[in-house]
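Asker: Let's see this in three dimensions:
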Amino acid sequence: MASRLPLRVYYDLLSQPSRAVLIFLRRTGIPHVEKPVALRKNEHRSPEFTKLNPMQKVPVIEDNGFVLTESVAILKYLATKYNTPLFWYPQEPMKRAKVDEYMAWQHANVRYHTAKVFILEMLMPRMTGQPVDEMKLTKALSELKGTLDILESMFLKKQPFLCGDEITLADLLAICELMQPLGADRDILKDRPKLIAWRNRVQSALGKTFDDVHSFLYQLRNKARL
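Answerer: Numbering: from 1, shown residues only. As a prediction, the model looks like this:
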């Protein structure tokens, strides 16, 4: 009988969905091997990685020859295959549908707008040596405000977490995206006490793993303050 290879996860800590997958693997105790891929060094464009994922993006998992490349699909797969605690991805149809609803919505909303702010305020100035385009940043922040309004009123409402009384994959994806602008020392939730309280609950539920996986982002924030 062929021996089973350990699950491998390819990631970069500057990638929001990479952080979500990494936190999930560590918190649930799924045995895995971590394989960092430095995007800033173009390691995602290497022939070896491109063969694994032709889209040249992270995260990627390789589970005994089975390769999966999209973060939402990866999280659902891990939660179902490895019998993780049911609160992450509930089996009850309506509860699961609410988690799926958020995960379908977030790509073009929370993910898109938080990433745009980070790119404009941090990545583009570093890559080009040019100052921040304040007009574009102001527009991006205005668009982000609309997304945060919906996140708060439609998803969080008056419940502890985005999909109910317990943390789910939706909260995990959301928190990693909402942390991204912090790399430019911008706390996008600072004037939103309801979302701050939610963030504190999520961070508390994730424990030390949360800070460990966000350590690189904290380093960027500290540099931005100099």
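Asker: Please count neighbours and contacts with C-alpha atoms only from this point.
Answerer: Will do.
Asker: Relative to residue 214, how far out is residue 177?
Answerer: Applying Cα to Cα, to the nearest Å, the value for residue 177 to residue 214 is 11 Å.
Asker: Name the residue in these two with the higher neighbour count.
Answerer: Taking neighbours as other Cα atoms under 10 Å, residue 177 and residue 214 compare with residue 177 leading, 23 against 19.
Asker: That one: helix or strand, and which one exactly?
Answerer: helix 169-179 (DSSP states H and E).
Asker: Likewise for residue 10?
Answerer: Here residue 10 is covered by strand 7-11, with elements defined by DSSP H and E.
Asker: Quick one: name whatever helix or strand follows that strand.
Answerer: Following strand 7-11 in sequence, per DSSP H and E, is helix 16-28.
Asker: so what secondary structure elements neighbour that next one?
Answerer: Packing partners of helix 16-28 (3 or more Cα pairs under 8 Å, 6 or more residues apart in numbering; DSSP states H and E): strand 7-11, helix 71-81, helix 169-179, helix 208-213.
Asker: Okay, buried residues for it please.
Answerer: Under the neighbour-count criterion of 16 or more other Cα atoms under 10 Å, helix 16-28 has 16-25, 27 buried.
Asker: For the helix or strand just after it, which strands pair with it and how are they oriented?
Answerer: Note on helix 16-28: by DSSP H and E, the next helix or strand toward the C-terminus is strand 32-36. Strand pairing for strand 32-36, determined by DSSP bridges: strand 7-11 (parallel).
Asker: Turn the buried residues of helix 16-28 into JSON lines, columns for pLDDT and distance to residue 85.
Answerer: Shown next, in JSON lines, are those (pLDDT from 0 to 100; distance: Cα to Cα, whole Å):
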{"residue": "16", "pLDDT": "98", "distance to residue 85": "23"}
{"residue": "17", "pLDDT": "98", "distance to residue 85": "20"}
{"residue": "18", "pLDDT": "98", "distance to residue 85": "21"}
{"residue": "19", "pLDDT": "98", "distance to residue 85": "19"}
{"residue": "20", "pLDDT": "98", "distance to residue 85": "16"}
{"residue": "21", "pLDDT": "98", "distance to residue 85": "15"}
{"residue": "22", "pLDDT": "98", "distance to residue 85": "16"}
{"residue": "23", "pLDDT": "98", "distance to residue 85": "14"}
{"residue": "24", "pLDDT": "98", "distance to residue 85": "11"}
{"residue": "25", "pLDDT": "98", "distance to residue 85": "12"}
{"residue": "27", "pLDDT": "98", "distance to residue 85": "11"}
